[in-house]
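Colleague: my questions are about this predicted structure, shown below with the sequence.
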Amino acid sequence: MSIRSDPPPGAILLASLRDYVEQLREEGLEGPPAVESSAAPHQSPRSQTVGEPPQEPTAAPLAAASKAPADDDRPAAPPAVARASSAAPRSAPDDLFYLYPGLEKTADLAALREFIGDCTRCKLAPKRTNLVFGVGNPSTELMFVGEAPGADEDARGEPFVGRAGQLLTDIIERGMGMTRAEVYICNVIKCRPPENRNPEPDEVAACEPFLFRQIDLVRPRVIVGLGAFAVQALLKAKTPISKLRGNWQDFRGIRMMPTFHPAYLLRNPADKRLVWADIQEVMRELGRPLPSRGPRR
């Protein structure tokens, strides 16, 4: 009797499934899509994807498909919190609440501020003077989100009170015909980074759930993202602010207008005209009349 040299059908299927899983990982997915209950149990996703004829698997290959084979040295899939940091906007912040049990139960901004307390959750705490939470109307239609407190903000415990803050106030009052008390203003990071450096990833991770909860509680119609860092932190994208500004984005069902940070405008006053154009779009979205004059040039 002759011995067949062809590999058994189970080995062929296993190789196909391993190729398929590798393809999914290269496309940024974490595993094979769910198979509809109406699909025949013997059909593999690989055969449905590339049109190969279905093959009869044995129990062993099907079990192997649920996890990488023992000799597979590819890196393991990242945990859920890492997947939540993909380029796509989050549909809900629930995946962050597990970091701080009870955060999702805070009923208003006062309760959220009490929950945060004298925060020591990241390495910025020992170097700050004041935690800078946020100010303004808790039920406003319009919310401004910046990067982090500076020296003046750290000293006073209020966001946007230095030179950049004065320019933001000018944009709100002269450019929009509103007052600071009518809008809500906060930052991604609640404590000042040393020497006003950019916040680091672990600092963002520690503070981000609080920002998301602030947005949930205020639930504005429009968010104005101020500067590259704030916009990229909200959208989880690395697109330059020069390409994002002036283009409406969606942040978990809320319209968001990215624009330049007031501190940038202090160094580049010619670009105030671009921010004024962005602000006019915001006013149209809110259905508010445009003032006859814009912010000071």
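Modeller: All right, it came through fine.
Colleague: quick one, domains of this structure?
Modeller: Domain assignment for the chain, taken from automatic domain parsing, gives 9-75, 81-286.
Colleague: ranking those by mean pLDDT, which is last?
Modeller: Across these, domain 9-75 has the smallest mean pLDDT, namely a mean of 39.
Colleague: ok, now which ones touch Arg288?
Modeller: When contacts are counted by CB atoms under 8 Å, 6 or more residues apart in numbering, Arg288 touches Met176, Gly177, Met178. (Each C-beta comes from the backbone N, C-alpha and C, glycine too.)
Colleague: please apply the same query to Tyr264.
Modeller: With contacts defined as CB under 8 Å, 6+ apart, the neighbours of Tyr264 are Gly227, Asp271.
Colleague: so what pLDDT did Pro291 get?
Modeller: The confidence metric pLDDT takes the value 75 at Pro291.
Colleague: once you drop chain neighbours, what's closest to it?
Modeller: Counting by CB to CB, 6 or more residues apart in numbering, the nearest residue to Pro291 once its immediate chain neighbours are dropped is Gly177, at 4.4 Å.
Colleague: quick check: phi and psi on Lys190?
Modeller: Its backbone dihedrals place Lys190 at phi -90, psi -10, with angles given as degrees, to the nearest 10.
Colleague: with Tyr184 instead?
Modeller: phi -120, psi 140.
Colleague: wasn't Val145 part of a strand?
Modeller: Yes. Going by DSSP: H, G, I helix; E, B strand; the rest coil, the assignment for Val145 places it inside a strand.
Colleague: who does it bridge with?
Modeller: For Val145, the beta-bridge assignment (DSSP bridges) gives partners Cys186, Gly225.
Colleague: would you mind confirming that it makes contact with Phe229?
Modeller: No. Proximity of Val145 to Phe229 does not meet the contact threshold set by CB atoms under 8 Å, at 10.1 Å.
Colleague: quick one: which of those two has more around it?
Modeller: Per other CB atoms under 10 Å, whichever of Val145 and Phe229 has more neighbours is Val145, with 26 against 20.
Colleague: tell me how far the more buried one lies from Val231.
Modeller: Distance from Val145 to Val231, counting by CB to CB, to the nearest Å: 8 Å.
Colleague: what do Val145 and Phe229 both touch?
Modeller: By the contact definition CB under 8 Å, 6+ apart, Val145 and Phe229 are jointly contacted by Val188.
Colleague: leaving out chain neighbours, which residue sits closest to Ser139?
Modeller: The shortest distance from Ser139 to any residue other than its chain neighbours is 7.1 Å, reached at Val218 (CB to CB, 6+ apart).
Colleague: now Thr259
Modeller: In space, not counting the residues next to it along the chain, Thr259 is nearest to Asp278; the distance is 4.1 Å by CB to CB, 6+ apart.
Colleague: now the strands for this structure?
Modeller: 135-136, 142-146, 184-187, 222-226, 249-251, 254-259 (DSSP state E).
Colleague: so in that sheet, which strands flank the first one, and in what orientation?
Modeller: Taking DSSP bridges as the criterion, strand 135-136 forms sheet pairs with strand 184-187 (antiparallel).
Colleague: can you list the neighbours in contact with the strand it pairs with?
Modeller: 132-138, 140, 142-149, 159-160, 168, 211, 214, 218, 220, 230.
Colleague: just the buried ones from those, in ChimeraX syntax?
Modeller: Applied in ChimeraX, the following selects the buried portion of the contacts of strand 184-187 according to 16 or more other CB atoms under 10 Å:
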select :132,133,134,135,136,137,140,142,143,144,145,146,147,148,149,159,160,168,211,214,218,220,230
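Colleague: surely Tyr245 and Ile279 touch.
Modeller: One correction, residue 245 is Arg, not Tyr. No. Under the criterion of CB under 8 Å, Arg245 is not in contact with Ile279, lying 11.2 Å apart.
Colleague: overlap in contacts of these two?
Modeller: Once CB under 8 Å, 6+ apart is applied, the residues that Arg245 and Ile279 both contact turn out to be Thr259.
Colleague: check contacts around the residue nearest to Ser139.
Modeller: With contacts taken as CB under 8 Å, 6+ apart, Val218 has the following neighbours: Leu109, Pro138, Ser139, Thr140, Met143, Tyr184.
Colleague: let's see 7 Å
Modeller: Residues in contact with Val218, defined by CB atoms under 7 Å, 6 or more residues apart in numbering, are Pro138, Thr140, Met143, Tyr184.
Colleague: restricting to C-alpha, output stretch 177-186 in PDB.
Modeller: What follows is the C-alpha trace of stretch 177-186 in PDB, where atoms were taken according to Å, rounded to 0.1, in the frame of the first residue of the first chain:
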ATOM      1  CA  GLY A 177     -20.900  88.200  21.300                       C
ATOM      2  CA  MET A 178     -21.000  85.900  24.300                       C
ATOM      3  CA  THR A 179     -19.400  85.900  27.700                       C
ATOM      4  CA  ARG A 180     -17.000  83.500  29.300                       C
ATOM      5  CA  ALA A 181     -19.800  82.600  31.800                       C
ATOM      6  CA  GLU A 182     -22.000  81.400  28.900                       C
ATOM      7  CA  VAL A 183     -19.600  78.800  27.700                       C
ATOM      8  CA  TYR A 184     -17.600  76.000  29.300                       C
ATOM      9  CA  ILE A 185     -13.700  76.000  29.300                       C
ATOM     10  CA  CYS A 186     -11.400  73.200  30.300                       C
END
